[in-house]
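Chemist: okay, predicted coordinates and the sequence, questions at the end:
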Amino acid sequence: MRYFVPFQQLRQQPTIVVDSVGLGAALTLAHWRGAATPDALRDDTSAGSVLRALHHPETPGLDADAVTANHFDVDGFVGVWSLLNPALALRHEHLLRLAATLGDFRELDFQDPLADHALRLVCWLNAREKELFYEPFGAPALRRREDEASAEKFEWFLPRFQQLLETPETDRAVWQPEYERVQQAVATMQTAASCTTYPEIGLTVVRAPEPLPYYALFGSTAGSDIVLSIYSGQRYEFEYKYTTWIDLESRPTLPRLPLNDLAVQLNALEQAPHRWTFDGVTDTGPLLRLDAKSLSKAQRYADPDQRPIHASTILPEEMEQLVVAFFKQKYAGIAPKCYWTWPEIKAAGTDLTT
């Protein structure tokens, strides 16, 4: 019987590390860039790597009894829970894969028969996490380390997750508010929004009347790694998706590029009082937006409809053209591939400025 241990106890016994990296791990099952996940077990999500491992019980290190992670999120939690409940995990493998993908990449095929159940699972995890503990990336505000504070979340959720997995009506009052908000946003995406895809640069442009929850906004962007959101009132956000922070296994990607030159172009045109600012390429989900630097990490991780988005004086058509032209120029001569290293990504950005 495997058991969960806080991350600080990693070296006290042979331990499987999920969705994290740590020296002394008996086995690493993580999609983090450069993680020591065995090649045969690589997957888009860390939970996916865990599920692959459960199909191969002979995997070296999988016989370790202790399991840990250095943070709490949906993907990592699903991976840890699956190691502790292998038979149940394999029985519900497709559902767990959907939940992990939704949690990390905000992508969900709402036509999938199990999509509704996956959304309930993730909304329940999100709601209970905020109600009982703290929001994602909120540990520093409590003057705590995430790798230490998150252990309390695992200890609460691990014995309770099975009930919702097998009985999706459980705790409806908890998951329903976010679930309904997402479903309403999905309806908006289907009836009042449009998407234009530029596959050669990995970009999807989403036009919607108002900012939407990520689970609806990104739901239709699978296969793209950057999203330009265009809302009414000339409000815009550009984002590198999490798919280019990790080692995506299922398809090649282009490297993240620094956004300095694009911000310079936008600021030369912008007449609004705010300035176009951006996060660095190593951030989990870098944003380019008016006054981006004023947001905390927790605000950047939260849904777009939960943060202010300022109006620009740049017209929507011009904004789209600028972004598309920028990436077509910068990506010329760069071929997509799997398993970029951070030095390679930084070098790709540096090469464009030399």
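Modeler: Received it, and whenever you're ready, just let me know what you need. Numbers count the residues shown, from 1 in each chain.
Chemist: how does this structure divide into domains?
Modeler: As assigned by automatic domain parsing, the chain contains the domains 3-182, 192-351.
Chemist: turn the ones you listed into CSV, including mean pLDDT.
Modeler: What follows is the domains of the chain, written out as CSV (pLDDT from 0 to 100):
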stretch, mean pLDDT
domain 3-182, 97
domain 192-351, 96
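Chemist: so what's the spatially most central residue of the chain closest to, chain neighbours aside?
Modeler: Centroid-nearest residue in the chain: residue 104, 3.1 Å away (criterion: Cα atoms, centre = their mean). If the residues on either side of it in the chain are set aside, residue 104 comes closest to residue 75, at 4.3 Å by Cβ to Cβ, 6 or more residues apart in numbering. Using the backbone N, CA and C atoms, a C-beta is placed for each residue, glycine as well.
Chemist: could you say which helix or strand holds that neighbour?
Modeler: Applying DSSP states H and E as the criterion places residue 75 in helix 74-84.
Chemist: if we can go back for a sec, from residue 128, how far off is the residue nearest to residue 104?
Modeler: Counting by Cβ to Cβ, to the nearest Å, the gap from residue 75 to residue 128 is 16 Å.
Chemist: look at the two and report which has more neighbours.
Modeler: Neighbour tally, residue 75 and residue 128, criterion other Cβ atoms under 10 Å: the higher count belongs to residue 75, 29 against 18.
Chemist: buried residues, the top helix by length along the chain. List them.
Modeler: Assignment by DSSP state H gives helix 172-191 as the longest helix of the chain. Across helix 172-191, burial judged by 16 or more other Cβ atoms under 10 Å covers 174-175, 178-179, 181-183, 185-186, 188-189.
Chemist: got the residues you listed as a markdown table, with distance to residue 50 columns?
Modeler: As requested, these are arranged in a markdown table below (distance: Cβ to Cβ, whole Å):
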| residue | distance to residue 50 |
| --- | --- |
| 174 | 25 |
| 175 | 23 |
| 178 | 25 |
| 179 | 26 |
| 181 | 30 |
| 182 | 26 |
| 183 | 29 |
| 185 | 30 |
| 186 | 28 |
| 188 | 34 |
| 189 | 31 |
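Chemist: okay, residue 353: pLDDT?
Modeler: Residue 353 is assigned a predicted lDDT (pLDDT) of 57.
Chemist: and the helix or strand hosting residue 51 with helix 74-84, angle?
Modeler: Element membership for residue 51 (DSSP H and E) is helix 46-54. With axes from the mean of the first three to the mean of the last three Cα atoms, to 10 degrees applied, the angle from helix 46-54 to helix 74-84 works out at 20 degrees.
Chemist: quick one: distance of helix 46-54 to the chain centre.
Modeler: 17 Å (Cα atoms, centre = their mean, to the nearest Å).
Chemist: from the contact counts, what lies against the next helix or strand after that helix?
Modeler: Counting by DSSP H and E, the next helix or strand C-terminal to helix 46-54 is strand 66-68. Identification of packing neighbours for strand 66-68 by 3 or more Cβ pairs under 8 Å, 6 or more residues apart in numbering; DSSP states H and E yields strand 3-4, strand 15-18, helix 74-84.
Chemist: what does the last one rub up against?
Modeler: Here helix 74-84 makes contact (Cβ atoms under 8 Å, 6 or more residues apart in numbering) with 2-4, 16, 18-20, 29, 45-47, 49-51, 54, 67-69, 89, 96, 99-104, 122, 125-126, 153-154, 157-158, 161.
Chemist: filter these down to the buried ones, ChimeraX style.
Modeler: The buried residues among these can be selected in ChimeraX (16+ other Cβ under 10 Å) with this line:
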select :2,4,16,18,19,20,29,45,46,47,49,50,51,54,67,68,69,89,96,99,100,101,102,103,104,122,125,126,153,154,157,158,161
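Chemist: next up, the contacts around residue 249.
Modeler: By Cβ under 8 Å, 6+ apart, the contact list for residue 249 reads 31, 42-44, 48, 338.
Chemist: one more pass at 10 Å, please.
Modeler: By Cβ atoms under 10 Å, 6 or more residues apart in numbering, the contact list for residue 249 reads 31, 37, 39, 41-45, 48-49, 52, 338-339.
Chemist: looking at this, it is in a strand?
Modeler: No - using DSSP: H, G, I helix; E, B strand; the rest coil, the secondary structure at residue 249 is coil, not a strand.
Chemist: for it, which non-adjacent residue is spatially closest?
Modeler: That would be residue 42: by Cβ to Cβ, 6+ apart, it lies 4.5 Å from residue 249.
Chemist: do you know how far that neighbour is from residue 166?
Modeler: Per Cβ to Cβ, residue 42 is found 29 Å from residue 166.
Chemist: neighbour count winner among those two?
Modeler: Shown here are residue 42 and residue 166; by other Cβ under 10 Å, residue 42 has more neighbours (20 against 11).
Chemist: coming back round to it: pull the contacting residues for the residue nearest to residue 249.
Modeler: By Cβ under 10 Å, 6+ apart, the contact set of residue 42 is 29-31, 35, 48-49, 52, 247-250, 338-339.
Chemist: and the longest helix of the chain, what does it pack against?
Modeler: Applying 3 or more Cβ pairs under 10 Å, 6 or more residues apart in numbering; DSSP states H and E, we find helix 172-191 packed against helix 115-132, strand 203-208, helix 214-217.
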